[in-house]
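>>> Structural data only, the sequence is not supplied:
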């Protein structure tokens, strides 16, 4: 491990973006820009085309530094803690890691895309296990090119299967249980999935680039509804605010925020006058009063404080 502190760009000023409030809402989302972490490179604290970010309950961030074939862990102040990876197919190596999940503070799951597997680490990035389709798995439940991974409160593992365009659910022992969103799922068919979110109330949200929307299922895989079709262009990752509001990272539209029912509240693309402008937003994570936005093309994490004002507030 390289132990140098993370380099980051600390702005000496801050400013407030009040996102557009649409006529059918009574709220404004206020984002106060704090700082930007990272720059292009392969040293600690630098990134190369990162695709995934998640935050644990302590506020530590885990970043899928995809171009450098590694996972980096940084503390809430942006300081480097640890890393794991390097190109390869052995344990602790990656071939195009695209997503990371660290929601319970104990486990870190990584979607190791081109290796057709999910790797599991502890919170300090020590290797624990691997989940990979094998000959012992039923053929109709095998997966390939995983795009995202998440763990439910019950300990069930969900994998967004990029090869078969569906969601695979594993039981608490890691055995494949069922799939949903398959090609024969009618209105609930996942055509071109990108990322996935398990919400606090037990829903499964999947971003789909073909229908430019978010598909919503219950925890058992039953299709419920779709939202965002007229407001999203290239939806990527999905993050949840404490009250159930949803932030969608959109590669073309920036950050788009919806209420818990799927009605749009606001969007943010950045401001050249403000010192930054989103170029390719691919992921977002929320912890307490902080919002982290990952920009692949800028090789950086933008950090915001947030609050809701108006009648509809947190």
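Done, it's in. No experiment lies behind these values; they were computed from the predicted model shown.

>>> what about residue 239, how many residues close to it?
24 (other C-beta atoms under 10 Å). The way it works is simple: take the backbone N, C-alpha and C, and place the C-beta from them, glycine included.

>>> For residue 284, which residues are in contact?
53, 237, 238, 239, 247, 248, 249, 255, 291, 292, 293, 294 (C-beta atoms under 8 Å, 6 or more residues apart in numbering).

>>> same check, this time on residue 154
Taking C-beta under 8 Å, 6+ apart, we find residue 154 in contact with residue 172.

>>> mind starting the numbering at 508 from now?
Got it, the first residue is 508 from now on, which makes the last one we talked about residue 661.

>>> Report the rounded mean pLDDT for stretch 767-778.
Taken as a whole, stretch 767-778 has a mean pLDDT of 83.

>>> where's that stretch relative to the chain centroid, distance-wise?
Averaging C-alpha positions (C-alpha atoms, centre = their mean, to the nearest Å) puts stretch 767-778 17 Å from its chain's average.

>>> cool, and stretch 629-649?
That offset, for stretch 629-649, works out to 20 Å (C-alpha atoms, centre = their mean).

>>> ok, so what distance separates the nearest residue to residue 720 once chain neighbours are set aside from residue 787?
Nearest residue to residue 720, sequence neighbours excluded (C-beta to C-beta, 6 or more residues apart in numbering): residue 736, at 4.1 Å. Going from residue 736 to residue 787 by C-beta to C-beta, to the nearest Å gives 22 Å.

>>> higher neighbour count, the two?
Legend: neighbour count by other C-beta under 10 Å for residue 736 and residue 787, higher for residue 787 (19 against 13).

>>> What are the neighbouring residues in contact with the more buried one?
758, 802, 803, 804, 805.

>>> if I pick residue 548, what's in contact with it?
554, 555, 806.

>>> Just the buried subset of the residues you listed, please.
Those of the contacts of residue 548 that meet the buried threshold are 554, 555, 806, by 16 or more other C-beta atoms under 10 Å.

>>> could you dump those residues to CSV with distance to residue 663, pLDDT and secondary structure?
Compiled in CSV, these are given as follows (distance: C-beta to C-beta, whole Å; pLDDT from 0 to 100; DSSP: H, G, I helix; E, B strand; the rest coil):
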residue, distance to residue 663, pLDDT, secondary structure
554, 31, 98, strand
555, 33, 98, coil
806, 34, 96, coil
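
>>> wait, which of those is closest to residue 569?
residue 554 (12.6 Å; C-beta to C-beta).

>>> Would you mind confirming that the closest one is in contact with residue 804?
No. Using C-beta atoms under 8 Å as the test, residue 554 is too far from residue 804 to be in contact (11.0 Å).

>>> tell me, what's touching the two both at once?
By C-beta under 8 Å, 6+ apart, no residue touches both residue 554 and residue 804.

>>> quick revisit: what's the closest of the contacts of residue 548 to residue 708?
Distances from residue 708 to those, taken by C-beta to C-beta, are shortest for residue 554, at 32.6 Å.

>>> Pull the contacting residues for that closest one.
545, 546, 547, 548, 570, 572, 574, 575, 579, 806, 807 are the contacts of residue 554 under C-beta under 8 Å, 6+ apart.

>>> among those, which are in strands?
Counting by DSSP state E, the contacts of residue 554 place 570, 572, 579, 807 in strands.

>>> how about those, which pair is most distant?
Pairwise across these, and taking C-beta to C-beta, the largest span is found between 579 and 807, at 12.9 Å.

>>> Neighbour count: those two, which is higher?
residue 579 (26 against 22).

>>> wouldn't that one be in contact with residue 586 here?
No. Assessed by C-beta under 8 Å, residue 579 is found out of contact with residue 586, at 11.1 Å.

>>> Okay, buried residues for the strand or helix carrying residue 625 please.
For residue 625, the host element (DSSP states H and E) is strand 624-629. For strand 624-629, the buried set under the neighbour-count rule, 16+ other C-beta under 10 Å, comprises 624, 625, 626, 627, 628.

>>> and that strand, what does it pack onto?
Here strand 624-629 touches strand 614-619, strand 634-639, strand 653-658, going by 3 or more C-beta pairs under 8 Å, 6 or more residues apart in numbering; DSSP states H and E.
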